[in-house]
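Student: model the following, please.
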Amino acid sequence: MKRVTIYDVAKEAGVSLATVSRVINGSNVVKAPTRERVQAAVDKLGYKPNAIAQGLALQKTTTIGLVVPEASFTYTGQIINGLIDVAKIYNYNIMLHTITAGITDIGSVIEDIIKARVDGVVLYNDRLTDEEVETLNKYNVPIVAIGNKLSGENVCSVYVDIHKAVFELTSKYLAEGRDNIVILEDRKNATACEQMVKGAEEAFKAAGKEFDGYLKIPAEYRTSYAFLSKWLSDHKYDLVIANRDSQAMAIVNAARENGIDVPGEMEVVCVIDTKYNGIMRPQISSFSIPSYDLGAVSMRVMTKMLQADAAGDYEKDIELSYLYTPRGTTKD
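Tutor: The predicted model follows:
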């Protein structure tokens, strides 16, 4: 059976394609007799408007662009799951785009997505500059940033306060007289590291001390483990804080190989953990970031931003709570 098209409707009603499109999309510029003639043709032929074509006419495609770093799939999987689950509830489709740190221009990626006429963009990225955020605002497309607190007229944020988490943890150790604390650089998540370092700096300052424990990985080392296996041969700390559990695992393994007992002689904590932490021994103490909720809440915020009748009736910045969970790499 031949599929009925908009051309068939236009021919049956004796009007142009533009007129049929206006009637289908509820435009009030078409005179009543013509609108009734088009509607009669639609009913007679059993025409069903294509959802995507209809969305484009209304500049509503029911599609949301999702941008995530290529290297972060391990710990963004739950974020994506949460986002997709909520998108299904509200009948939105997700268009996934990946970026490679240091290679992909985030601005060009966003521009490509917006050219595809998505209704909004959900962005998981910690390398956005103020200039890039300003550029995003010019497109007048709703944007929800996951993980970072960004400001802008059309930008909302859903995040966990990593700065606060590290501040509280560092303050605890300082209160116990343990101040040999370092934060391991995560080259894939520069902004997250900046927040972690600021948290530690404030904790040290409050204790009347100065923090100089940002442990950077020299460029010649391709992995954290390659660097740590040598570095820990003559260095040992009260506490090492890593951003990701994979780095924390590298710390534990490198420490063992250099005869350092974890947690007896050195404790290790990570900010973000994944399902792989469950099979690590000892399991890494972590902050248990609510990854699924980050995705789910972000998509819900996006739906609110897209509801014209609820314009402005939503929170611009939503902070989700974390739960510090001590496990086998700390003494507490």
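
Student: so which residues make contact with stretch 30-44?
Tutor: Under the criterion Cβ atoms under 8 Å, 6 or more residues apart in numbering, residues 9, 12-15, 19-20, 22-24, 47 lie in contact with stretch 30-44. In this view, the C-beta of every residue, glycine as well, is placed from N, C-alpha and C.

Student: just how off-centre is it within its chain?
Tutor: The chain centre lies 46 Å from the centre of stretch 30-44; the measure is Cα atoms, centre = their mean, to the nearest Å.

Student: next, count neighbours for K31.
Tutor: 10 (other Cβ atoms under 10 Å).

Student: and it, what's its pLDDT?
Tutor: pLDDT for K31: 86.

Student: quick check: can you list the domain ranges of the chain?
Tutor: Listed domain ranges for the chain are 6-57, 63-160+291-320, 162-286 (source: automatic domain parsing).

Student: quote the end-to-end distance of the longest one.
Tutor: Read it as domain 63-160+291-320. 25 Å (Cα to Cα, to the nearest Å).

Student: I'd assumed A10 was in contact with L45.
Tutor: No - counting by Cβ atoms under 8 Å, L45 sits too far from A10 to count as a contact (10.7 Å).

Student: with neighbour numbers in mind, choose between those two.
Tutor: When L45 and A10 are compared on other Cβ under 10 Å, the one with more neighbours turns out to be A10, at 18 against 15.

Student: ok, that one to V155 distance?
Tutor: Going from A10 to V155 by Cβ to Cβ, to the nearest Å gives 41 Å.

Student: please apply the same query to S321.
Tutor: To V155, S321 is 22 Å away according to Cβ to Cβ.

Student: out of these two, which sits in the busier spot?
Tutor: Using other Cβ under 10 Å, the more surrounded residue of S321 and V155 is V155, with 23 against 11.

Student: what sits opposite that one in the beta ladder?
Tutor: With DSSP bridges as the criterion, V155 is bridged to I143.

Student: thought it was touching A145?
Tutor: Yes - under the criterion of Cβ under 8 Å, V155 makes contact with A145 at 6.2 Å.

Student: helices along this structure, start to end?
Tutor: Along the chain, the stretches classed as helices by DSSP state H are 6-13, 17-24, 32-45, 51-57, 73-89, 106-115, 130-138, 162-175, 190-206, 224-231, 245-257, 291-306.

Student: tell me the centre residue of the chain?
Tutor: Nearest to the mean C-alpha position of the chain, by Cα atoms, centre = their mean, lies Y124 at 2.6 Å.

Student: hmm, it is touching V67, no?
Tutor: Yes - at 6.8 Å, Y124 counts as touching V67 under the criterion of Cβ under 8 Å.

Student: how close does A190 sit to L232?
Tutor: Look at A190 and L232: by Cβ to Cβ, they are 23 Å apart.

Student: please disregard the earlier target; I meant E176.
Tutor: With Cβ to Cβ as the criterion, E176 and L232 are 22 Å apart.

Student: between those two, which has more neighbouring residues?
Tutor: Each of E176 and L232 has its neighbours counted (other Cβ under 10 Å); L232 has more, 21 against 11.

Student: quick check: nearest residue in space to that one, chain neighbours excluded?
Tutor: Computed as Cβ to Cβ, 6 or more residues apart in numbering, the closest residue to L232 that is not its neighbour in sequence is N258, at 4.6 Å.

Student: what's the local residue count around the one you found?
Tutor: With neighbours defined by other Cβ under 10 Å, the count for N258 comes to 17.

Student: same question for A41.
Tutor: Neighbours of A41 under the rule other Cβ under 10 Å: 21.

Student: ok, now L323?
Tutor: The tally of other residues near L323 (other Cβ under 10 Å) stands at 10.

Student: can you check L215 too?
Tutor: Look at L215: counted by other Cβ under 10 Å, it has 18 neighbours.

Student: so how far is N258 from S224?
Tutor: The gap separating S224 from N258 is 14 Å, by Cβ to Cβ.

Student: same check, this time on S246
Tutor: 19 Å.

Student: what's the answer for T19, then?
Tutor: Distance of T19 to N258, given as Cβ to Cβ: 78 Å.

Student: again with V301
Tutor: Counting by Cβ to Cβ, the separation of V301 from N258 is 46 Å.

Student: ditto for A250
Tutor: The value you get for A250 to N258, if Cβ to Cβ is used, is 12 Å.

Student: again, but for S298
Tutor: Noted for S298: a distance of 41 Å to N258, by Cβ to Cβ.

Student: again, but for V297
Tutor: V297 sits 42 Å away from N258, going by Cβ to Cβ.

Student: and what of S288?
Tutor: Taken as Cβ to Cβ, the span from S288 to N258 is 28 Å.

Student: could you pull up phi and psi at K216?
Tutor: Dihedral pair for K216: phi -90, psi 150, per degrees, to the nearest 10.

Student: how many neighbours does the closest residue in space to it that isn't next to it in sequence have?
Tutor: With Cβ to Cβ, 6+ apart as the criterion, K216 has its nearest non-adjacent residue at 4.6 Å, and that residue is E185. For E185, the tally of surrounding residues (other Cβ under 10 Å) stands at 21.
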